[in-house]
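A.B. asks: Mind folding the following:
(one chain, ligands or ions: 2)
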Amino acid sequence: MNSDDRICDDRICDQVFGFWEDMSAIPALGQHQMKLDAAQLAAHWRRCSLSSDFWARYTALFVPGIVPPGTLPRDAMEGVLSYLLNELFENCAKFSGGPVGDVVYQSWLLEDRIVFQITNHIIPEGQAPFIDLIVELLENDPDELYFRRLEANAEDELRGSGLGYLTLIKDYDIRFGFQFKPGSPESIAVSVQAHVSREETL
Ligand SMILES: Nc1ncnc2c1ncn2[C@@H]1O[C@H](COP(=O)(O)OP(=O)(O)OP(=O)(O)O)[C@@H](O)[C@H]1O
Ligand SMILES: [Mg+2]
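C.D. replies: Ligands and ions are numbered 1, 2, ... in the order given. Here you go, the predicted model:
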């Protein structure tokens, strides 16, 4: 049953935004996963870039040494993945909260794209503001929103810059999906899906 089909209260049911797919239902050429801890990532910040660089290189080896025209070469793919994964791991380190510290990394290698799904946990009060940001991100023109955020950041230096997902959408053509899954009254699991095309789009 799809979450949209259920009549439910936001606190009980999963909520999904953007380009979200049930990856367990899609046959993949390869699948990988790793479990980390958000507090450990925050305490040892370089683990974010180390994990990103490892999985970027590991995953990019899936791309053959010589690729057909119009397809992203291995080195370029590694660069995109390293940037993307660093952003996603850093977000888990910065924004996780509540009693559950697990961060779960998963990836699926498909013919036409590579899909990543990173799950972390937040307190229930954090869900509505994050959803507002996601809706703004998905419903606006990325270039326009980027400049609006740059201006807002110049006025308010205290918040996160809010340019992470936006830059990945705008400059790297990555498609994002978001899922919120209530775990207990104190915790919501947030999963971010990133779909990276193997086609050269730049
Ligand atoms: N994994 C996450 N868990 C909880 N909240 C998140 C997560 N990722 C993003 N957010 C929320 O969405 C906002 C936008 O994230 P984004 O990565 O675009 O920007 P940022 O991390 O604030 O700044 P930047 O990435 O430019 O340093 C964050 O400020 C945060 O409020
Ligand atoms: Mg960020």
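A.B. asks: Now the lowest-mean-pLDDT helix or strand in the chain: buried residues?
C.D. replies: One helix or strand of the chain scores below all others by mean pLDDT, DSSP states H and E: helix 142-155, with a mean of 90. By 16 or more other C-beta atoms under 10 Å, the buried positions in helix 142-155 come out as 142, 145-146, 149. Placement of C-beta: from N, CA and C, glycine included.
A.B. asks: same thing with stretch 56-75?
C.D. replies: By neighbour count with 16+ other C-beta under 10 Å, stretch 56-75 contains the buried residues 56, 59-60, 63, 71-72, 74.
A.B. asks: Of all pairs in the residues you listed, which one is the farthest apart?
C.D. replies: Across the buried residues of stretch 56-75, the longest distance by C-beta to C-beta is 17.2 Å; it joins 56 and 71.
A.B. asks: What number of residues are in the vicinity of the closest residue to ligand 2 within the chain?
C.D. replies: Going by C-beta to the ion, ligand 2 is nearest to residue 164 of the chain, at 2.9 Å. By other C-beta atoms under 10 Å, 17 other residues sit near residue 164.
A.B. asks: In which helix or strand does the residue nearest to it when sequence neighbours are not counted reside?
C.D. replies: What sits nearest to residue 164 in space, not counting adjacent residues and going by C-beta to C-beta, 6 or more residues apart in numbering, is residue 87, at 4.7 Å. Residue 87 belongs to helix 74-95 when elements are defined using DSSP states H and E.
A.B. asks: Right, I'll leave it there.
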